[in-house]
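1. This is a predicted model, with the sequence first.
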Amino acid sequence: MRFRIPPFLPPYAVLLLVVTYAVGALWLGLERVHAITELSDASSQNAETVKDLKDLLAAVTDIETAGRGYALTADDTYLQPFERARRRVPVLLSGLRDKMRDDKVELGLIEDLVSLIAERTTITVTGIERKRAAPDKPYEMTFGRRGKETTDEIRTIIATLEAREQDELSQLRTTLARTLDGARGDLYVAAGVTLLLVVGVFLAVRRLRSFMPPTPAAGLGRSVQIEAPASPIAAELDARLRDALLRARLAGTEHAADAGHADHERSVVGALERALAAHANAQEGDPAHPEPPSVAQALAAIGDAYSKTGGLTVRMAIDRTIRVADPHKAFLILRSAGWALEAITRRKRAGEVTLSFTTTGEGTSLRILGLTDNSSAPIALTPRESEEANALRQGVAAAAGAFAADEGPTGFSLTLDLPSG
């Protein structure tokens, strides 16, 4: 038993893969964008935190410098940077507290900064007020070394917080670079998968197009309606005589070197030719049927014979103006059509089979196409079918024509081209 793909599976499987790929690519792309956005926002927040810490340190330095300068010189110009830094410190501390709310360690350090900066500000304000009250007296350090120790602690905490933020910023940048590399790899994979899907869609479309019958030439009917043959027995006898004559001629060609066989084959061919001529004369002499049916009418009758209601349907596009004068060519056309339809019926239970019989620039052309749906039927031609196909191929070659029969897991097709005459 050979595994055979059902006829309609490949197109629908490709479409399902396309839909699945589109949904997966959309989800993966959104996840990548979300991750990159979060990392970018976190990096921006860390950079802003580092900037706020530097601004806070600058404000504390301005408070200390302005207070010391005023205490030494009693110059009011030192009070402007002092007041500006004093107003700015609460805003910076509030912003830092909001940005470090999720980190308990950093939030604790911020709370320590609040008390230390408040103490540093109190020391500076006390010095300024004492200088204002007694501008002529020399500057005295009321709190001793406590002012310097407070400033050093503030600088240490700010340096610790800045180092932590710089470390987090470095980690975020590394993660962002790794995420971008992953996104770039996803793009390469997506490009490869897209290329494969394009090829799959192309094959699926080509497969679906095989379901469509060939477009008939201008002026041709989609089907041919003819009357039932008046004498099926006579038609069957004519076909069998022509089949036997063809086989006898082919056998004579193969045994031309053997004189005994050649004489016998010639006598058989002569007898069959006389029998066929007598049968043709009898048909012509029948007053009820003065003109024998044309090849187009015979093809239509064959197609109708293989069509069944609710089962196999032969959809025909036949040029009714075609006339084949050579009886040998006419027999090859009819016998090839019958052979192809018989082979297709073994491999197809229901559905449409397309049959087109048209004229080309060099002669006549017969096309028959059917998609298989019987998984139990053989894929390749059986020995008997191959033998008949070889006989027809040799007969068509003798008439300077071309015969091609293609069979496979998805369909069966016949192409027959014969020159005019």
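-> Received, thanks. Numbers count the residues shown, from 1 in each chain.

2. The protein: strands as residue ranges?
-> Remark: strands assigned in the chain by DSSP state E are 312-318, 351-359, 363-371, 402-407, 411-419.

3. so which of the ones you listed comes closest to Glu31?
-> Comparison of the strands of the chain against Glu31 by CB to CB identifies strand 363-371 as nearest, at 41.7 Å. All C-beta atoms are positioned from the backbone trio N, CA, C, and that covers glycine.

4. ok, Arg367 - contacts?
-> Contacts for Arg367 (CB atoms under 8 Å, 6 or more residues apart in numbering) come out as 214, 354-358, 413-416.

5. so where's the stretch 151-300 of the chain shaky on pLDDT?
-> Counting by pLDDT under 70, the stretch 151-300 of the chain contains low-confidence ranges at 204-241, 244-245, 247-248, 250-272, 274-293.

6. at 90 instead, please
-> 151-155, 157-158, 161-300 (pLDDT under 90).

7. so what's Thr151 closest to, chain neighbours aside?
-> Nearest non-adjacent residue to Thr151, counting by CB to CB, 6 or more residues apart in numbering: Glu64, 5.7 Å away.

8. doesn't Arg120 make contact with the one you found?
-> Yes: the pair Glu64 and Arg120 passes the contact test of CB atoms under 8 Å, sitting 6.7 Å apart.

9. Share the number of residues neighbouring Glu342, please.
-> 13 (other CB atoms under 10 Å).

10. How about Glu388?
-> 21.

11. Tell me the confidence at it?
-> Turning to Glu388, the model gives it a pLDDT of 86.

12. now Arg84
-> For Arg84, the predicted pLDDT is 90.

13. residues touching it, list them.
-> By CB under 8 Å, 6+ apart, the neighbours of Arg84 are Asp62.

14. and the gap between it and Ile63?
-> Taking CB to CB, to the nearest Å as the measure, Arg84 falls 10 Å from Ile63.

15. these two touch, right, Arg88 and Leu57?
-> No: counting by CB under 8 Å, Arg88 stays clear of Leu57, with 11.8 Å between them.

16. How about the residue nearest to the spatial centre of the chain: what's its closest non-neighbour residue?
-> Nearest to the mean C-alpha position of the chain, by CA atoms, centre = their mean, lies Leu197 at 2.6 Å. Closest residue to Leu197 apart from its sequence neighbours, by CB to CB, 6+ apart: Val18 at 5.6 Å.

17. And for the one you found, the neighbour number?
-> 16.

18. cool, and the one 3 residues further on?
-> Using other CB under 10 Å, Tyr21 is surrounded by 15 other residues.

19. residues in contact with it?
-> Tyr21 is in contact with 193-194, 197, counting by CB under 8 Å, 6+ apart.

20. That concludes my questions; thank you for your assistance.
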